[in-house]
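*Asks:* Provide a 3D model corresponding to the input given below.
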Amino acid sequence: MSELRYLVEHQTHYQYDSVVTQSQQLLHLVPRETPFQQCLSHVLQCDPHPSEQAHRTDFFGNHNDYLTILAPHQQLKVTSRFEVACQARPTLDAYQQSPAWEEVAWMMQHQASRHTDASRFLYACAKIKPNEALAQFARERIRANQPILLAAMALTRHMFNTFKFDAQATDVSTPLDEVLRGKRGVCQDFAHLMIGALRSLGLPCRYVSGYILTHPPAGKPRMVGADASHAWVSVYCPVYGWVDFDPTNDCLVQQEHITVGWGRDFSDVSPMRGVVLGGGQQHLKVSVTVTPASAHVI
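*Replies:* Residues are numbered from 1 along each chain as shown. Next up, the predicted model:
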């Protein structure tokens, strides 16, 4: 079995127009352990140095770091560096026996207590409100009695072929109905839309946050800091468990995706958010570098 290793550096740099006297931050920057991924090392650096720091696991099993900075400052820089090992996941051919999506929806409606881990990902949340328009969008792209994972792949492919990646078209507050009408957005929008569509059919889906290895143009070097956080969708199948799909890249998630955390939507796993006392207007710069470390046979 092959294994790919990656070095990831995620830098978040805030600059403020005036002095911040106190800052409290919540971070989701440590990768999860999964059957296909192991975190080999992790280092978190903060400048100014935090007066208080704690590490906890949240309701969804994600790693959370809490920082309190009491030293007056006009800039805040947080750097997360880690090495991760990723193993190959099953291909779509391995999922041919997944039950029909209607059968899964029936199970979740009538036997939710048998699938407690999945049932928490069925309902409306801050950024995703299942509705009939989203359900209709899904029904028009998948077949009746289609195996759930093949249906998810069909919806993934439709979104990739129909929607255009456009970083200027949306922001974190853009509602899903606007994304659906405009057919433009970024990976976060496409993940939210696919989740909303499938949840509107009664199917459990998770929002997954992490990174993806990007490939520079032929003959060009890999640019430091040019990558970004990424988002995709995890669909629940009673037979195979959680299976991940990336509508931004038209693929079943494999070894080039690095999982940091999952939740109901982006707000559960945003890389860094917090509150500050003072500061005035803030200016944010984020840079991410994903570098292949080595390949191993295990």
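
*Asks:* tell me the domain ranges of the chain?
*Replies:* 2-87+270-297, 92-268 (automatic domain parsing).

*Asks:* for the nearest residue to residue 103 once chain neighbours are set aside, list the residues it contacts.
*Replies:* Nearest non-adjacent residue to residue 103, counting by Cβ to Cβ, 6 or more residues apart in numbering: residue 148, 7.9 Å away. Glycine gets a C-beta too; all of them are placed from N, C-alpha and C. Counting by Cβ atoms under 8 Å, 6 or more residues apart in numbering, residue 148 touches 98-101, 103-104, 203, 235, 237.

*Asks:* do you know the pLDDT at the nearest residue to residue 58 once chain neighbours are set aside?
*Replies:* Closest residue to residue 58 apart from its sequence neighbours, by Cβ to Cβ, 6+ apart: residue 64 at 5.2 Å. Per-residue pLDDT puts residue 64 at 97.

*Asks:* residue ranges with poor pLDDT in this structure?
*Replies:* In the predicted model of the chain, residues 1, 219, 221-226, 295-298 satisfy pLDDT under 70.

*Asks:* quick check: longest strand of it.
*Replies:* strand 2-27 (DSSP state E).

*Asks:* show me what that strand is packed against.
*Replies:* strand 63-69, strand 73-87, strand 205-212, strand 272-278, strand 282-297 (3 or more Cβ pairs under 8 Å, 6 or more residues apart in numbering; DSSP states H and E).

*Asks:* partner strands of it, with direction?
*Replies:* Strand 2-27 has its sheet partners listed here by DSSP bridges as strand 63-69 (antiparallel), strand 73-87 (antiparallel), strand 272-278 (antiparallel), strand 282-297 (antiparallel).

*Asks:* dump those strands to a markdown table, plus distance to residue 41.
*Replies:* Putting those into a markdown table (distance: least, Cβ to Cβ, whole Å) gives the following:
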| stretch | distance to residue 41 |
| --- | --- |
| strand 63-69 | 14 |
| strand 73-87 | 5 |
| strand 272-278 | 20 |
| strand 282-297 | 11 |
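
*Asks:* can you redo these as a markdown table with mean neighbour count and distance to residue 134?
*Replies:* Converted to a markdown table, those look like this (neighbours: other Cβ atoms under 10 Å; distance: least, Cβ to Cβ, whole Å):
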| stretch | mean neighbour count | distance to residue 134 |
| --- | --- | --- |
| strand 63-69 | 19 | 30 |
| strand 73-87 | 19 | 32 |
| strand 272-278 | 14 | 26 |
| strand 282-297 | 13 | 30 |
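
*Asks:* of those strands, which is nearest residue 172?
*Replies:* Nearest to residue 172 among the strands paired with strand 2-27 is strand 272-278; the distance by Cβ to Cβ comes to 10.4 Å.

*Asks:* what are the buried residues along stretch 51-63?
*Replies:* Neighbour-count burial for stretch 51-63 flags 60, 62-63 (criterion: 16 or more other Cβ atoms under 10 Å).

*Asks:* so which residue is dead centre in the chain?
*Replies:* residue 209 (1.9 Å; Cα atoms, centre = their mean).

*Asks:* deepest-packed of the domains of the chain, please.
*Replies:* Of the domains of the chain, the one with the most neighbours on average (mean count of other Cβ atoms under 10 Å) is domain 92-268, at a mean of 18.
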